[in-house]
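Participant: pasting the structure only:
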């Protein structure tokens, strides 16, 4: 099989068609022709991802004399007047941004990843609706890669985890909240408001206008509204089939409705209607900020994949996302642990579990402690201490179940994607469990 | 469905996996008239270019602060900042201060009595009075 070279695909990240200068919809279908047009003209109304195109345009505007001594106090940032009319900073300004260069170095990214792409990862779809200038495409690639690597690692590391716990652990590693924290730990700062004049090194999103970004897999259930309203039960199987990678229902409707509303807004921009009152610090704005930060991380992962390839992105995910700590044993909540343990023992042909009191103290006092062990035949499955006999027995049963579910073949297990590297040792099949305990 | 899932967020530990330098920005302020900035001006001319080149992960800004003492302000990933006044210092002394800001975590200074902090479970487990042979009194 011929080897694919993703690094050669990245030209399109830098060379978005010039036809995208018009806002939405008129994406370029003739990139070659437009590139020719770009190199010859330097019209400031054309927005493109190529840095060569606008290099000449940047020099043509001289700053008007306003009484300041420009030699002593040089202007901080040369911004062309046309830049302020764009919803996000022009790609060529990425090369001048100190924040962006610092972020690039801080993440120890390969020099193969240009600053323009890194700048693009920081533009959320809610700031710039044009998919050729926002990060939604990169974020989609990034989220599939992150979710794939996290899932395969969880599956091999803890082969017996029930599906609901896998969903929860996925959310704990790759959901919006943990990725938001990753973005914060990278030192990504949000801009006060998105716009063309903003430093490209700042994360740009709008907390009030939802963006049109297709970043999630998943089927929108027709009964989605009723699920929340009437608290309908969703089975695990239907969650696997219909819902997103975290077992959550797909809620937002990216696509037709949101696009229409955006187009309407565009039409209204010229008329300058009354500015709506912005509210900050509520749950909606917080979740919008969280999503935007998470998308920036996903897009960065996507950019690493696009420019450096599979091995690099695997290492990047491993060092930034999988290296985080999550105590999986704290994700379990059992409803009837004793009966579930009895079912498990019956399924595995163990002798039925028996709880025995191992030691006790202070039975007549205010704070008694009972230590209860659970035995199957002569084997002690687990033990726990509790303030009364029932609690100790339940806790012991939970410990026994956790000991079963959290079986792990080791800390440094091989994952299937290790086989993709050249010269990998032959694959030894991973442990595949027959499934979680299903009790009545 | 007897097992239900609770939600938790993974916690990151800087340096486990990737290491991110906590100082993200350094503001360097000088005055080109006052005598207390003489060392700072020398630092900016002779030492700062190499120092900045050696630390690409820090964003450096140099700006005048007329008629004031020279200062260095470090901005950190946790949102805090640290400012050090470097009046009347020699360039090499200022370099020491810049290195101090670079190496700081941005946290408030506090006395460290237990040098190792960990979120991992204890290897030995928690001592229990109900196990073992006990002690005869």
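Facilitator: Right, received. Where do you want to start? Since this is a predicted model, take the numbers as computed values, not measurements.

Participant: given the strand ranked longest in chain B, what are its sheet partners and their directions?
Facilitator: For chain B, the strand with the greatest residue count under DSSP state E is strand B:23-30. In its sheet, strand B:23-30 lies beside strand B:59-64 (parallel), strand B:71-76 (antiparallel), with partners assigned from DSSP bridges.

Participant: any idea how far the first one is from the chain center?
Facilitator: So that's strand B:59-64. Put simply, strand B:59-64 sits 19 Å off its chain's centre (C-alpha atoms, centre = their mean, to the nearest Å).

Participant: quick revisit: go through the strands paired with strand B:23-30 and pick out the most buried.
Facilitator: Most buried of the strands paired with strand B:23-30, by mean neighbour count (mean count of other C-beta atoms under 10 Å in any protein chain shown): strand B:71-76, with a mean of 20. Just so you know, the C-beta spots here come from the backbone N, C-alpha and C atoms, and that holds for glycine as well.

Participant: average pLDDT for it?
Facilitator: Mean pLDDT, strand B:71-76: 97.

Participant: any idea which of the strands paired with strand B:23-30 gets closest to residue A:164?
Facilitator: With C-beta to C-beta as the measure, strand B:71-76 is the member of those nearest residue A:164 (38.8 Å).

Participant: what's in contact with that closest one?
Facilitator: Defining contact as C-beta atoms under 8 Å, 6 or more residues apart in numbering or on different chains, one finds that strand B:71-76 is touched by B:22-29, B:65, B:81-86, B:94, B:97-98, B:101-102, B:104-106.

Participant: quick one: secondary structure of the residue of chain B found nearest chain A?
Facilitator: Chain A sits closest to residue B:17 of chain B, with a gap of 2.7 Å, by C-beta to the nearest C-beta. Three-state call for residue B:17 (DSSP: H, G, I helix; E, B strand; the rest coil): coil.

Participant: wait, it sits on residue A:316?
Facilitator: No: in this structure, residue B:17 is not within contact of residue A:316 by C-beta atoms under 8 Å, at 9.8 Å.

Participant: more neighbours, those two?
Facilitator: Taking neighbours as other C-beta atoms under 10 Å in any protein chain shown, residue B:17 and residue A:316 compare with residue A:316 leading, 26 against 18.

Participant: give me the distance between the more buried one and residue A:324.
Facilitator: Separation of residue A:316 from residue A:324 (C-beta to C-beta, to the nearest Å): 13 Å.

Participant: all helices of chain B, in order?
Facilitator: Secondary structure of chain B (DSSP state H): helices located at B:38-42, B:48-54, B:91-103.

Participant: could you tell me the angle between the last one and strand B:23-30?
Facilitator: Right, the one you point to is helix B:91-103. Orientation note: helix B:91-103 sits at an angle of 150 degrees relative to strand B:23-30 (axes from the mean of the first three to the mean of the last three C-alpha atoms, to 10 degrees).

Participant: mean confidence score for helix B:91-103?
Facilitator: Summarised as a single mean, pLDDT over helix B:91-103 is 97.

Participant: stretch A:240-256 vs chain B: in contact?
Facilitator: No: using C-beta under 8 Å from any C-beta of the partner chain, stretch A:240-256 stays clear of chain B, with a minimum separation of 8.7 Å.

Participant: can you give me the buried ones in that stretch?
Facilitator: Neighbour counts over stretch A:240-256 (16 or more other C-beta atoms under 10 Å in any protein chain shown) mark A:242, A:243, A:244, A:245, A:246, A:247, A:249, A:250, A:254 as buried.

Participant: residue B:63 reaches residue B:29, doesn't it?
Facilitator: Yes: at 5.9 Å, residue B:63 and residue B:29 qualify as touching, with contact defined as C-beta under 8 Å.

Participant: and residue A:291, how far from chain B?
Facilitator: Distance check for residue A:291 against chain B: by C-beta to the nearest C-beta, to the nearest Å, it reads 15 Å.

Participant: before we move on, back to that, gap between the longest strand of chain B and the chain center?
Facilitator: Its chain's C-alpha centre and that of strand B:23-30 lie 13 Å apart, by C-alpha atoms, centre = their mean.

Participant: what do you get for stretch B:3-14?
Facilitator: Relative to its chain's centre, stretch B:3-14 lies at 27 Å (C-alpha atoms, centre = their mean).
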